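1. what follows is a predicted structure for the sequence shown.
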Amino acid sequence: MHKTPLDALHRRLGARMVEFAGYEMPLQYQGIIAEHLACRSGAALFDVSHMGQVEIADAAGLERLVPGDMTGLRPGRQRYTLLLNAAGGIIDDLMVANLGTHFQAVLNAGRKDVGVAHMRANGLGVVTHFERALLAVQGPQAVAVVPEAAGLKFMDAAGLDIAGIACVVTRSGYTGEDGFEIGCAGAAGEALAEALLARGAVPAGLGARDSLRLEAGLCLYGNDIGETTNPVAAQLGFALSKKRLAAGDFIGAAAVTAALAGGVPRKLVGIRLDGRAPARAHAPIHVGGQQVGEVTSGCFAPSLNAPVALGYVRADCAAPGTALDLIVRDKPLPGFVTPLPFIPHNYVR
């Protein structure tokens, strides 16, 4: 398995290590719930160096592969977008920042090789920087941990020195909280992490990262979206540029346009469960004794002190308030469709 530049630090901090996307990664340090709540109330530090950082010079070339407006992305700004296949399925979801001299894209760990291969196969020049470190500081106290980036607004991007280390910083993250994602040379990653911990960040692992993003109603590739998922079904319409849809010149445009015009047979919804027992991925979803969908992600949400889930249901069962049964070990757990996110986002705009 691969190791991130922070591997030795994780072990010194007593992390419980697990395999994820071909990497040895920290699942937790002191405990998932404690780390989750530390992020919601203070500042948590996550190692996300397993994700794929790549450099792209050709905005117009990238635009042919995604439904987002890349040529209109101003220097110093970042945008969430999607790599699509010809059927409109999601090859990967990624963040793209215009750094002035070039674009930086961050791909999911388990999809970075697939994404880069897709880009190159479609004529896009890509320089990979998989050796770099990438750290995420998330929570309402994130700016106290990274005061050098206090001037950035949500989805801004800039080159900054953090604790004397040259970094690329974006004000973004995947927890629903304010925060920063900070990239630097791999050799400097451990020193940067130690500086951020010394400033008050709490180390947090994959367990808390998953429960945080689920509370925030954010999709996880491989669970909630994949190569057969149309963005319209996944409720990712915000990533579809009206300008690009009108042009219809990106891979998958016909399938996305058809889904917008004619609707989709199933939709991703948020689900609140009664009681305290959670439902996990692949649990069947029933209405009136008939299966109408399946859970894609589920957990007990520490911030809500209640179980939540994401899942795809038949489109006629997707309205907020719809009563559902989630089947766990042949037992129906009652719940209902609820608007996303489960908790408000706290981004600084």
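-> On my side now, so go ahead.

2. for stretch 67-76, buried residues please.
-> For stretch 67-76, a neighbour-count test (16 or more other C-beta atoms under 10 Å) marks 67-70, 73, 76 as buried. From N, CA and C alone the C-beta is placed, and that goes for glycine too.

3. please verify my assumption that residue 6 contacts residue 193.
-> Yes - if you go by C-beta atoms under 8 Å, residue 6 and residue 193 touch, sitting 5.5 Å apart.

4. count the neighbours of residue 15 for me.
-> If you count neighbours by other C-beta atoms under 10 Å, residue 15 ends up with 23.

5. what sits against the nearest residue to it once chain neighbours are set aside?
-> Nearest non-adjacent residue to residue 15, counting by C-beta to C-beta, 6 or more residues apart in numbering: residue 26, 3.5 Å away. Taking C-beta atoms under 8 Å, 6 or more residues apart in numbering as the contact definition, residue 26 lies against 10, 13, 15-18, 47, 203, 205-206.

6. and if we set it to 10 Å?
-> 4, 6-7, 9-11, 13-18, 20, 35, 46-47, 203-207, 209 (C-beta atoms under 10 Å, 6 or more residues apart in numbering).

7. hang on, residue 181 packs against residue 47?
-> No - under the criterion of C-beta atoms under 10 Å, residue 181 makes no contact with residue 47, lying 11.3 Å away.

8. quick one: common contacting residues for the two?
-> 134-136.

9. redo the residues you listed as a markdown table? Include neighbour count.
-> Listed next are these as a markdown table, based on neighbours: other C-beta atoms under 10 Å:
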| residue | neighbour count |
| --- | --- |
| 134 | 25 |
| 135 | 26 |
| 136 | 25 |
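
10. out of these, list just those in strands.
-> Mapping these onto strands (DSSP state E) picks out 134-136.

11. returning to what we had before: quick one: which of the buried residues of stretch 67-76 is nearest residue 314?
-> Closest approach to residue 314 among the buried residues of stretch 67-76 (C-beta to C-beta): residue 67, at 25.2 Å.

12. just read off the phi/psi values of the closest one.
-> phi -90, psi 10 (degrees, to the nearest 10).
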